[in-house]
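Asker: Need coordinates for the below:
(chains A and B)
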Amino acid sequence: MTTTKKSSLAKDYSLTGQENQRAVAAGLASAEWYHSEVSRKEMKSLMKRSDAPATRDTLLWLALLAATAGGGIMLWGSWLALPIFLAYGVLYGSACDSRWHECGHGTAFKTSWKNDVVYNIASFMVMRNPISWRWSHARHHTDTIIVGRDPEIALMRPTLIAKTTLKFIAIPEIYLDLCTLLKHAMGTIPTQEQDYIPESERHKAIFWARIHISIYFFTILTAAASASILPLLLVGGPRVYGSWHMVMTGLLQHGGLAENVLDHRLNSRTVYINPTSRWIYLNMNYHVEHHMFPMVPYHALPQLHALIKDDLPKPNNSILDAYREVWGSLRQQRTEPDYFVRKKLPESAKPYREDLHASGVNRMQGV
Amino acid sequence: MSWIDVCDAEDVDLEDVIRFDVAERTFAVYRAADGDVFATDGLCTHEQVHLADGLVIDDTIECPKHNGRFNYQTGAALRAPVCDALATYPARLTNGRIEIKVPD
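Answerer: Now for the predicted structure:
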């Protein structure tokens, strides 16, 4: 692995600022991206849909949620409830994110309505408007980590270490997400979101926000009426005390890697992780593979990885190994916002397609 | 509008799609499960993505980037993030060859 330093740039991550126009002018928006070679026959086989894996994983998820919620309620008042709620929190506050993600892509199940049902449930749990975030995520895949275009850049530069650490308890995300839901519920679509949500879809975002806010309002009323925080620990609260696993895995997706490039090998990370985390995360640790071929279902990502790994940087060996890399980069980015980790490619790989983005980046920097 | 020769029918698997470029335009040419042939614009109406890299499921084509879906026989947009319909073109089999009729 080598590291690269570039000249410092002021960073404006809003979608309504100058960076958006500059990215468009530089050809970085809706651009051509590098893809590893996979034969049509193999890709068709990988993209093939099945209900079986997601049905198994969803039933297991719902059963574990019910068992831990029931156990927590029965043991409420005893210290024994604590580990039960810690498990429930992760199943609710972290596993919901990967279910939201896979069903949002429409790849988890073969049957469309099953994707839609789980997507809407998971959207509520992760406190995301199912309409606005569907469009947000489409943009994330079109313009992955393109500054001024991608609304889902988790680690903005220069790095603020305290702010990054607070993400593990959903601060400030939960506040921002609830504020956005409230705005939607009152009939307002923020200017930032108007950049990627078509007008014809906005009334749906308002409808779903009102449903979400109503459920939260009812939960708060129940907590107040029963003079107990138990309802809040069951609904909404896990987004705070159980989202640490989602953040832990999520920050590894692109953290410390390049911005404004058109080769996912430069801006995404694949990490080998333990089986439990893989199940919670639904194989999104194969993140380069996911971004190159987003229509490959989560259960086929290990096969896709085996097929193209010789064209990709060597994956990190563990979550800890990946965090060592991310941490080093984030520390550097505190003072050098344009610093990023550039991973070495194996000899079998095709060179990085820097030609795809180099001219655009140079133009953005006025070179 | 004129008929243009595309390829042997056998060059396209049943329930599959290929990309066909002509005169600086790009098309997607399909063979349904029953062998009938169809043609649409080659790029998704949501983003500039070639549909021929996507998956054919029954009578739909799925964009390989964002999961937008169209009925490739009618062009109807079926699933967000696609909102606009896809242009379709006449297609036929002539002596085992696929032909499509596109604007001159």
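
Asker: Give me the pLDDT for the residue of the stretch 251-367 of chain A found nearest chain B.
Answerer: Residue of the stretch 251-367 of chain A nearest chain B, by Cβ to the nearest Cβ: residue A:295 (5.1 Å). Where you see a C-beta, it was placed from the backbone N, CA and C, and this is true even at glycine. Residue-level confidence at residue A:295 comes out at 96, pLDDT.

Asker: List the contacts of it.
Answerer: Counting by Cβ atoms under 8 Å, 6 or more residues apart in numbering or on different chains, residue A:295 touches A:47, A:105, A:107, B:54-55, B:62-65, B:67.

Asker: what's the closest of those to residue A:139?
Answerer: Using Cβ to Cβ, residue B:65 is the member of these that lies nearest residue A:139, at 11.1 Å.

Asker: how close does the closest one get to residue A:162?
Answerer: 36 Å (Cβ to Cβ, to the nearest Å).

Asker: Of those two, which one has the most company?
Answerer: residue B:65 (24 against 6; other Cβ atoms under 10 Å in any protein chain shown).

Asker: what's residue 88 sitting at in phi/psi?
Answerer: Using chain A here. When quoted as degrees, to the nearest 10, the phi and psi of residue A:88 stand at phi -60, psi -40.

Asker: wait, I meant chain B there
Answerer: Main-chain dihedrals, residue B:88, degrees, to the nearest 10: phi -110, psi 160.

Asker: Make sure it is actually in contact with residue B:73.
Answerer: Yes. Contact criterion Cβ atoms under 8 Å: residue B:88 and residue B:73 qualify, at 7.3 Å.

Asker: Chain B: strands as residue ranges?
Answerer: Using DSSP state E, the strands found in chain B span residues B:2-8, B:16-22, B:25-31, B:37-41, B:55-57, B:60-62, B:69-71, B:77-79, B:88-89, B:91-94, B:97-102.

Asker: how about JSON lines for the ones you listed, with mean neighbour count added?
Answerer: Listed next are the strands of chain B as JSON lines, based on neighbours: other Cβ atoms under 10 Å in any protein chain shown:
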{"stretch": "strand B:2-8", "mean neighbour count": "13"}
{"stretch": "strand B:16-22", "mean neighbour count": "17"}
{"stretch": "strand B:25-31", "mean neighbour count": "21"}
{"stretch": "strand B:37-41", "mean neighbour count": "23"}
{"stretch": "strand B:55-57", "mean neighbour count": "21"}
{"stretch": "strand B:60-62", "mean neighbour count": "22"}
{"stretch": "strand B:69-71", "mean neighbour count": "23"}
{"stretch": "strand B:77-79", "mean neighbour count": "17"}
{"stretch": "strand B:88-89", "mean neighbour count": "18"}
{"stretch": "strand B:91-94", "mean neighbour count": "14"}
{"stretch": "strand B:97-102", "mean neighbour count": "19"}
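
Asker: Export these to TSV and append columns for distance to residue A:178.
Answerer: Converted to TSV, those look like this (distance: least, Cβ to Cβ, whole Å):
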stretch	distance to residue A:178
strand B:2-8	53
strand B:16-22	43
strand B:25-31	43
strand B:37-41	41
strand B:55-57	37
strand B:60-62	34
strand B:69-71	32
strand B:77-79	28
strand B:88-89	44
strand B:91-94	51
strand B:97-102	51
